[in-house]
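**Q** Provided below are the primary sequence and the corresponding predicted coordinates.
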Amino acid sequence: MRVNQMDKELIKTYRSFLKDSIRKVIDFSQTDQNRRIPPPPIEKPCPPEAPRIDLPRYDQLEEIGRIDLKSAFQNRESRRSYSDQPLSMKELSFLLWATQGIRRKLDSGHALRTVPSAGCRHAFETYLCILNVRDLDRGIYRYLPLEHQLLFEFSEEDLDKKISHAALGQSYPGAAAVTFVWTTIPYRMEWRYGIAAHKVIALDAGHVCQNLYLACEAIGAGTCAIAAYDQEVMDKLLRIDGLNEFTIYLASVGKIF
Ligand SMILES: Cc1cc2nc3c(=O)[nH]c(=O)nc-3n(C[C@H](O)[C@H](O)[C@H](O)COP(=O)(O)O)c2cc1C
């Protein structure tokens, strides 16, 4: 069904998503958190036998990411062409740590990360479409922030073409060393905020991607945020259900010339 883009009522409805008025109509005593239902896992579980890859730890990345913050702000831009140079494991580790890394685990349901998140709920998973990272086969991986490991999800034929197709034909994900695909598991936020969860999930995604922009500047790489993608095709490519977990944002990354 196609809708009239400028329909005034429709615009009013969609604008209200950006407001916090919703808080006034929520009975917070009925959220799952206040009904004493245990919090959902802070990381999507994976089978114990699933193949995992250790990433260089944060304290082993001393020589990486040392530029001054002012120049990172000044030089940051969306970069859509990349060289053929692969990313190293250390560089990938740095980008993952900068975007979703754990700073401190508080208890089984909460952990502080390198980005802020409403209510510390961190309702994202990071999938990686890896095409050109040294020592890694091409394929779809997932970051495990608690362990700072990569989970190998699966390989896929013509992954470069498929990721570009899922990004509505934008070519750069297919030419990138890696494309970050952030999914959300909305229940992690809904558990605390009910129907006030969704605006803050969208706000949270911005922080994650901005850290990626700045971290890329520090390693001679570039990134481009991507919010234009085919929802169903992207979710299918990641083999996620599209209901309890779905794609929310992408960013292609590669070394720059
Ligand atoms: C939420 C968001 C969505 C975006 N989606 C796309 C996209 O789908 N494709 C694209 O080429 N650029 C996308 N961009 C990049 C913007 O076009 C870019 O940030 C803007 O033109 C300003 O350029 P700069 O980032 O170099 O300052 C997106 C940026 C943001 C913040």
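**A** Thanks, I have it.

**Q** How about the residues of the stretch 1-150 of the chain by the ligand?
**A** Applying CB under 6 Å from any ligand atom, we find that the stretch 1-150 of the chain lies next to the ligand at Glu77, Ser78. Just so you know, the C-beta spots here come from the backbone N, C-alpha and C atoms, and that holds for glycine as well.

**Q** Strands along the stretch 1-150 of the chain, start to end?
**A** Counting by DSSP state E, counting those that start in this stretch, the stretch 1-150 of the chain has strands at residues 52-54, 102-107, 110-113, 124-130, 139-144, 149-154.

**Q** any idea which of those is most buried?
**A** Mean neighbour counts were taken over these using mean count of other CB atoms under 10 Å, and the top value, a mean of 24, falls to strand 124-130.

**Q** Name every strand pairing with it and say which way it goes.
**A** Sheet pairing of strand 124-130 (DSSP bridges) gives strand 139-144 (antiparallel), strand 178-184 (antiparallel).

**Q** May I see those strands organised as CSV, with distance to Thr223 and mean pLDDT added?
**A** Formatted as CSV, the strands paired with strand 124-130 follow (distance: least, CB to CB, whole Å; pLDDT from 0 to 100):
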stretch, distance to Thr223, mean pLDDT
strand 139-144, 16, 98
strand 178-184, 8, 98
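
**Q** quick one on the thing from earlier: looking at the strands of the stretch 1-150 of the chain, spot the one closest to Lys70.
**A** Minimum separation from Lys70 across these (CB to CB) falls at strand 102-107, 23.1 Å.

**Q** residues in contact with the closest one?
**A** The contact list for strand 102-107, computed with CB atoms under 8 Å, 6 or more residues apart in numbering, reads Ala111, Leu112, Arg113, Thr114, Cys120, Pro145, Leu146, His148.

**Q** before we move on, what about stretch 215-226?
**A** If you take CB under 8 Å, 6+ apart as the criterion, stretch 215-226 is touched by 64-67, 71-72, 75-80, 82, 87, 91, 94-95, 98-99, 167, 170, 172-173, 177, 179-180, 209, 212-213, 249-256.

**Q** Now the buried members of the residues you listed.
**A** Buried members of those, scored by 16 or more other CB atoms under 10 Å, are 64-65, 72, 79-80, 82, 87, 91, 94-95, 98-99, 167, 170, 172-173, 177, 179-180, 209, 212-213, 249-255.

**Q** Mind checking which of these land in helices?
**A** Residues of these located in helices (DSSP state H): Ala72, Glu91, Phe94, Leu95, Ala98, Thr99, Tyr172, Pro173, Cys209, Leu212, Tyr213.

**Q** residue contacts, the first one?
**A** Under the criterion of CB under 8 Å, 6+ apart, the contact list for Ala72 reads Leu214, Glu217, Ala218.

**Q** Tell me the buried residues within these.
**A** Burial by neighbour count, judged by 16+ other CB under 10 Å, picks out Leu214, Glu217, Ala218 from the contacts of Ala72.

**Q** could you measure the first one against Ile256, distance?
**A** Noted for Leu214: a distance of 15 Å to Ile256, by CB to CB, to the nearest Å.

**Q** now swap in the second one and tell me
**A** Look at Glu217 and Ile256: by CB to CB, they are 10 Å apart.

**Q** Who is the residue most central in space within the chain paired with across the strands?
**A** Compute the mean C-alpha point of the chain, and by CA atoms, centre = their mean the closest residue is Trp182, 2.8 Å away. Here Trp182 sits in beta bridges with Thr126, Tyr249, as judged by DSSP bridges.
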